[in-house]
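Trainee: Here is the input, now give the coordinates:
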Amino acid sequence: MITGGTGGANTLTGLIFEGKVDLKTFLNQQPGYKVTGSHVFYLNEEVGQIFKKHELYSQFLEPRDIDWRNCISAKLLPDNGIYVIINNTVYIIEVKTQNVGGSVDEKLQTCDFKKKQYQKLFFPLNIEVQYIYILDDWFRNPRYKDVLDYIIPVGCQYYFQYIPLQKLGLPVPPIS
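Mentor: Numbers count the residues shown, from 1 in each chain. Purely as a prediction, here's the structure:
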């Protein structure tokens, strides 16, 4: 079950989700990073654009003249997303937390479909898509082995409470 990664301790090299911390807040706290509106800068150079939920449409797709209705049949509302300029890739980051069995269990099984929907949405812009889950420790339970084993072969990823900035193609601040 360690295939997708494990929790990390170094906040300079990775994104740690504790509760509902979002990507914008995290990046603004890292040395050299500044998020202005939806634009992400590292050492004063724009490295990406960030969005969540409806911002995907209002701040990213609409300014590029993309009408989602021409690509997919229902809106997708990502927990977090970032377009990384250097590798022309959008990373959709879904945060899943749980403390009792329930519907989130089954949502993990939808990553293949959702990634394909996002690929259709970004196809007109010729932008690649990566779909990543950030999971809390609840999902380390052996009962999730099969679903976690499914996520990787369908081209999605997962990490437990942590994702390395390097995996997002973002610059990693030097450790002082």
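Trainee: after the helix or strand of the chain with the lowest mean pLDDT, next one along is what?
Mentor: Lowest by mean pLDDT, DSSP states H and E among the helices and strands of the chain is strand 14-16, with a mean of 56. Sequence-wise, the next helix or strand downstream of strand 14-16 (DSSP states H and E) is helix 23-28.
Trainee: which residues are contacting the very next helix or strand once past that following helix?
Mentor: Using DSSP H and E, the helix or strand that directly follows helix 23-28 along the chain is strand 33-36. Residues from elsewhere that reach strand 33-36, judged by Cβ atoms under 8 Å, 6 or more residues apart in numbering: 24, 27-28, 40-42, 44, 50, 173. (C-beta placed from N, C-alpha, C; glycine too.)
Trainee: Where does the prediction get shaky in this protein?
Mentor: 1-21, 99-105, 176 (pLDDT under 70).
Trainee: which residues in it form helices?
Mentor: 23-28, 55, 103-107, 111-122, 145-151 (DSSP state H).
Trainee: how about JSON lines for those, with distance to residue 88 added?
Mentor: Formatted as JSON lines, these follow (distance: least, Cβ to Cβ, whole Å):
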{"stretch": "helix 23-28", "distance to residue 88": "18"}
{"stretch": "helix 55", "distance to residue 88": "20"}
{"stretch": "helix 103-107", "distance to residue 88": "28"}
{"stretch": "helix 111-122", "distance to residue 88": "10"}
{"stretch": "helix 145-151", "distance to residue 88": "23"}
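Trainee: thinking again about what came up before, can you redo the contacts of strand 33-36 as a markdown table with distance to residue 125?
Mentor: Listed next are the contacts of strand 33-36 as a markdown table, based on distance: Cβ to Cβ, whole Å:
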| residue | distance to residue 125 |
| --- | --- |
| 24 | 22 |
| 27 | 22 |
| 28 | 26 |
| 40 | 18 |
| 41 | 21 |
| 42 | 22 |
| 44 | 25 |
| 50 | 16 |
| 173 | 29 |
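Trainee: Now, of the residues you listed, which are buried?
Mentor: 24, 27, 40, 42, 50, 173 (16 or more other Cβ atoms under 10 Å).
Trainee: Next, count neighbours for the nearest residue to the first one once chain neighbours are set aside.
Mentor: Using Cβ to Cβ, 6 or more residues apart in numbering and skipping the chain neighbours, the partner closest in space to residue 24 is residue 35 (5.0 Å). Residue 35 sits with 18 neighbouring residues when counted by other Cβ atoms under 10 Å.
Trainee: Nearest the middle, which residue of the protein would you pick?
Mentor: residue 93 (1.9 Å; Cα atoms, centre = their mean).
Trainee: Apart from its neighbours in sequence, what residue is nearest that residue?
Mentor: Residue 93 sits nearest to residue 80 (Cβ to Cβ, 6+ apart), 4.2 Å away.
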